[in-house]
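Student: Okay, structure incoming, though there's no sequence with it:
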């Protein structure tokens, strides 16, 4: 079998995408930090065949993942018309633990999409823009995966102030002050269990949500404000918008029907501690949340020593098994050979 391999990072959204249309079209724009250490490495083996798929996670064959890969191949058939005439082995591993508050679907699907693009290139098929097509393909497997193709920031979804922005693929975004290009993200592992409600189901509940239209308009407005704050190195405004977006995301969950709560008591305690510390010391430390209980602590690299001391002395005790992960803004995916 021939093979190709890519390492692709996860990302953490600053403006949250919540709600989508078929197939994988976002109901509102989003922008994210691309992470550095938190990544998926995928080796794709392929040969002429009849579309058979095998999946190996951390070296062990994992049949449970086959339907997700098959759905990805079905959705991307127009981009990868050769897929039906090949057999595939997907060998994948993550640099971070499962259920750790990091989007493995984003890093995993972007890594797979990049591998498929490499196969397409090897076959000599026409490619107009390698990474744009990879972003489009990743989106069809995981919406947020579209953003993992670029770093240090990426924007997905049409937005009036981002040139070239599109609903079918993400675009790289670097028009920000340098301080944001080395931002740190310490992920506090409040809860390591499976989410009680999947993100896919949560997105679907926005279809009949009473506040959906207002939320989508708010996301456009918040993204405009965030872009200005990041261009001007306005950390206070940055933090205000990012924290509001995180709480709004969970507010949408709590006001959908059926309603649900993914935050845990320790999530709220950590948030309160961050607010108190920031008010007392004036250090620029902020939080964001994904669709789960874990807390992403965001802060400039120049404040790393004092913030890490705060995390170790005040926040770590609220983490499951005192666990946290240290990451920072990264530059995007890399080929492994």
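Tutor: Good, I have the coordinates. Being a predicted model, the structure only gives us computed values, none of them experimental. Residues are numbered from 1 along each chain as shown.
Student: now stretch 195-207: how far from the chain's centre is it?
Tutor: On the basis of Cα atoms, centre = their mean, to the nearest Å, stretch 195-207 sits 16 Å off its chain's mean C-alpha point.
Student: what's the span of that stretch, first residue to last?
Tutor: When the termini of stretch 195-207 are compared using Cα to Cα, to the nearest Å, they are 21 Å apart.
Student: cool, stretch 4-24 as well?
Tutor: Distance across stretch 4-24, first residue to last, is 26 Å (Cα to Cα).
Student: How far does it sit from its chain's centre?
Tutor: Between the centre of stretch 4-24 and the centre of its host chain there is 5 Å, according to Cα atoms, centre = their mean.
Student: Then stretch 191-199?
Tutor: With Cα atoms, centre = their mean as the basis, stretch 191-199 stands 16 Å off its chain's centre.
Student: Now do the buried residues in that stretch.
Tutor: By neighbour count, and taking 16 or more other Cβ atoms under 10 Å as the criterion, the buried residues in stretch 191-199 are 191, 192, 195, 197, 199. Backbone N, C-alpha and C define where each C-beta goes, glycine included.
Student: and which of the residues you listed is nearest residue 119?
Tutor: Here the nearest of those to residue 119, counting by Cβ to Cβ, is residue 199; it sits at 28.2 Å.
Student: That closest one touches residue 260, doesn't it?
Tutor: No. Between residue 199 and residue 260 there is no contact under Cβ atoms under 8 Å: 11.6 Å.
Student: Would you map the helices across the stretch 1-150 of the chain?
Tutor: 66-75, 104-122, 130-141 (DSSP state H, counting those that start in this stretch).
Student: er, the stretch 201-337 of the chain actually
Tutor: Under the criterion DSSP H, counting those that start in this stretch, the stretch 201-337 of the chain carries helices at the ranges 212-231, 235-254, 265-281, 304-310.
Student: Dump those into a markdown table; add mean neighbour count, mean pLDDT and distance to residue 134 as well.
Tutor: Shown next, in a markdown table, are the helices of the stretch 201-337 of the chain (neighbours: other Cβ atoms under 10 Å; pLDDT from 0 to 100; distance: least, Cβ to Cβ, whole Å):
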| stretch | mean neighbour count | mean pLDDT | distance to residue 134 |
| --- | --- | --- | --- |
| helix 212-231 | 18 | 98 | 23 |
| helix 235-254 | 19 | 98 | 26 |
| helix 265-281 | 16 | 98 | 34 |
| helix 304-310 | 16 | 98 | 32 |
